[in-house]
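Enquirer: Here is a sequence together with a model predicted from it:
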Amino acid sequence: MAIHKAVIPAAGLGTRFLPATKSTPKEMLPVVDKPAIQYVVEEAVRAGLDDVLLITGRSKRTLADHFDAVPELEAALEAKGDTERLARVRESTELGHVHFVRQGQPRGLGHAVLQARHHVGDEPFAVLLGDDLIDERDELLSTMLELQSRVGGSVIALLEVPHEQISLYGCVEVEPLGDEPDQVQVTGLVEKPPVDEAPSDLAIIGRYVLHPAVFEVLERTEPGRGGEIQLTDALQTLAGMDPQDGGGVYGVVFRGRRYDTGDRLDYLKAVVRVASDRPDLGPDFRAWVREFAAGLDD
């Protein structure tokens with residue numbers, strides 16, 4: 001079955017970015033001149049997922065506004081003949097079919113995914129987390145979709161991280177899958193293990209292609225780490241289930257460019273890296289960064 005639905009959880013409170021996120025959703029914080037959420041929706045649409053569901057919460061109305069038309073602004077730009085900015089304003093409106101549903105209580109990523117059940121129905125779907133931006137020049141989601149269509153089950157994105165950092169992530173135990181070195185079968189998952197108990201240095205990052213069997217599993221999943229319903233715990237259950245019932249978990253090891261917007265320091269790094277690569281801003285910005293860095297006092 002061709003996959004064409006994407007789910008993007010966006011109900012978090014964004015407490016790491018207070019006070020900026022007191023009235024502005026963290027997903028709307030700009031990475032150069034586009035909000036982070038737009039990069040994620042664009043990635044989904046590039047991979048052929050033109051039906052996008054955002055899981056939101058209270059005070060997230062600006063997310064819906066961003067993907068809606070703004071007739072007054074568009075008319076003003078058109079009257080000025082500012083076709084370049086007009087096209088950029090309309091980009092978010094014309095991306096695809098964007099829908100919204102509220103999570104209600106913030107009970108974890110697994111609970112957020114569960115809110116998509118009625119929209120997704122009985123078909124595989126993708127989940128993209130807004131804290132991870134994947135450079136459009138690097139393949140990830142399309143590779144995951146292809147793998148899921150070939151082997152079934154669920155597919156997660158993995159990243160090799162320094163061993164001392166593995167306790168910050170969900171972590172997996174894997175075994176080889178065929179001849180592709182960066183495609184593996186996942187035999188075990190654990191959320192944020194102590195460094196000395198981690199089964200590998202492969203961390204789960206924010207891209208998933210899930211079999212609809214995940215919904216039944218999430219319904220039965222008890223709150224785990226942090227008192228929340230963890231998607232990692234549901235995936236652990238799926239990894240041990242019969243493939244005929246939607247079981248089996250596989251992984252794609254990503255070796256491309258990933259921009260983390262999950263905390264303040266990584267967000268600043270993401271903005272610098274994206275701006276440096278922009279053809280319109282990069283040359284002047286890189287020159288300024290070199291000059292600024294040269295004047296820093298160690």
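Expert: Sure thing, it's come through. Numbers count the residues shown, from 1 in each chain.

Enquirer: hey, let's count contacts and neighbours off CA atoms from now on
Expert: Noted.

Enquirer: Can you tell me the closest non-neighbouring residue to the residue most central in space within the chain?
Expert: Most central in the chain under C-alpha atoms, centre = their mean is Leu129, positioned 2.3 Å from the mean C-alpha point. Nearest-residue entry for Leu129: Gly206, 4.8 Å, with adjacent residues in sequence omitted and distances by C-alpha to C-alpha, 6 or more residues apart in numbering.

Enquirer: Could you do Arg107 as well?
Expert: Leaving aside its chain neighbours, Arg107 sits nearest to Glu228 (5.0 Å; criterion: C-alpha to C-alpha, 6+ apart).

Enquirer: Now the one you found: phi and psi?
Expert: phi -110, psi 160 (degrees, to the nearest 10).

Enquirer: try Pro176
Expert: Residue torsions, per degrees, to the nearest 10, at Pro176 are phi -60, psi 150.

Enquirer: residues contacting the nearest residue to it once chain neighbours are set aside?
Expert: Leaving aside its chain neighbours, Pro176 sits nearest to Val184 (4.9 Å; criterion: C-alpha to C-alpha, 6+ apart). By C-alpha atoms under 8 Å, 6 or more residues apart in numbering, the contact set of Val184 is Val174, Glu175, Pro176, Leu177, Tyr250, Gly251, Val252, Val253.

Enquirer: Can you check my assumption that the second one lies in a strand?
Expert: So the one you mean is Glu175. Yes. Assessed with DSSP: H, G, I helix; E, B strand; the rest coil, Glu175 lies in a strand.

Enquirer: who are the neighbours in contact with it?
Expert: Here Glu175 is in contact with Val184, Gln185, Val186, Thr187 (C-alpha under 8 Å, 6+ apart).

Enquirer: Helix or strand: which one has the first one?
Expert: Looking back up the chat, that one is Val184. strand 183-191 (DSSP states H and E).

Enquirer: tell me which residues in that strand are buried?
Expert: Of the residues in strand 183-191, Gln183, Val184, Gln185, Val186, Thr187, Gly188, Leu189, Val190, Glu191 count as buried by neighbour count, 16 or more other C-alpha atoms under 10 Å.

Enquirer: Understood, closing this out.
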